[in-house]
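In: Sequence first, then the predicted structure, then my questions.
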Amino acid sequence: MCDHARGSRVRVLSWNIGLRGIRKLSLPNGLNAVLETLGLPDVLLLQETKVVTGDITPDIAFTSPHGCSYTSYYSSNRDGRMLGGYSGVAVYVKTSRGL
């Protein structure tokens, strides 16, 4: 389910998770369930993650639904104390596809 045939299209999904924030998605099996529900996209872009670097836990950073591995990248405001984890983005790239 992770690997695609050569020549298949790359699926990129973008989602502004807004008030939910990424911590709400990372409840037990939450992020894996989200990726499965979205059909295991090749790239998932999340906006409004509402975390700062120190808040990124392993359950948020590492996910592997159905054995698919995703590499994650994050960017957030520099001073989360001032804005309380305001905004932020996350990118999950399926690594089993070889992107």
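Out: Right, received. Where do you want to start?

In: since we're on His66, how many residues are nearby?
Out: His66 has 10 neighbours, counted by other CB atoms under 10 Å. C-beta: built from backbone N, CA, C; applies to glycine.

In: Is it part of a helix or strand, or is it coil?
Out: The assignment at His66 comes out as helix when based on DSSP: H, G, I helix; E, B strand; the rest coil.

In: next structured bit after the lowest-mean-pLDDT helix or strand in the chain?
Out: Sorting the helices and strands of the chain by mean pLDDT, DSSP states H and E puts helix 80-83 at the bottom, at a mean of 55. Once helix 80-83 ends, the next helix or strand along the chain (criterion: DSSP states H and E) is strand 89-94.

In: just checking, what packs against that next one?
Out: strand 43-47, strand 70-75 (3 or more CB pairs under 8 Å, 6 or more residues apart in numbering; DSSP states H and E).

In: I'd like the distance from that strand to the chain centre, please.
Out: 5 Å (CA atoms, centre = their mean, to the nearest Å).

In: pLDDT (mean, whole number) over that strand?
Out: Taken as a whole, strand 89-94 carries a mean pLDDT of 90.
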